[in-house]
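**Student:** quick one, fold the following:
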Amino acid sequence: MILAGLSLPLPLPWPFEREYMQLALAAGLAVGASAPLIGVFLVQRRMSLMGDGVGHLAFAGVAAGVLMDVWPVWTAGALCEAICRPLGIEPPLYRRRVDFFTKSRAFDITRARTEIGFAPRVGLREGIRRTLNWYRTEGWL
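**Tutor:** Numbering: from 1, shown residues only. Next up, the predicted model:
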């Protein structure tokens, strides 16, 4: 297939080596580039589609983040902040919030084992099983 002088499929990396993926990428780029412009136009005219404009901008930010190898949700948060703050709108997504929810909250007892010789009396699976049973007994599950 020839598209604007280009013969598809182009030599692109996975998953874009297939023609249908290249067409989907072209369509996504076209929508990603035009939707924010339409959203900004609607916002400037004070039409009731504020959320749509911000949503389209955030979507374009996610696409840009994927293409630039930056974490997409963090990029969307940065775009939401950059767009919403000047307009006086509370951003629905912040970079700080993304950082908070993506940090590992897992506990590691390696240091307790090595420094003070700690050894748990109950294994992880058994502890989870006992906790679930207690929640069921108390009527929380």
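**Student:** domains of the chain?
**Tutor:** For the chain, the structural domains run 2-105, 108-141, going by automatic domain parsing.
**Student:** quick one: end-to-end length of the shortest one, please.
**Tutor:** End-to-end distance for domain 108-141, by C-alpha to C-alpha, to the nearest Å: 27 Å.
**Student:** how far does it sit from its chain's centre?
**Tutor:** Put simply, domain 108-141 sits 32 Å off its chain's centre (C-alpha atoms, centre = their mean, to the nearest Å).
**Student:** in whatever helix or strand residue 73 lives in, what's buried?
**Tutor:** Using DSSP states H and E, residue 73 maps to helix 72-87. Buried residues in helix 72-87, counted by 16 or more other C-beta atoms under 10 Å: 72-80, 83-84. For every residue, glycine as well, the C-beta is placed using N, CA and C.
**Student:** just checking, next helix/strand downstream of it?
**Tutor:** Moving toward the C-terminus from helix 72-87, the next helix or strand (DSSP H and E) is helix 95-102.
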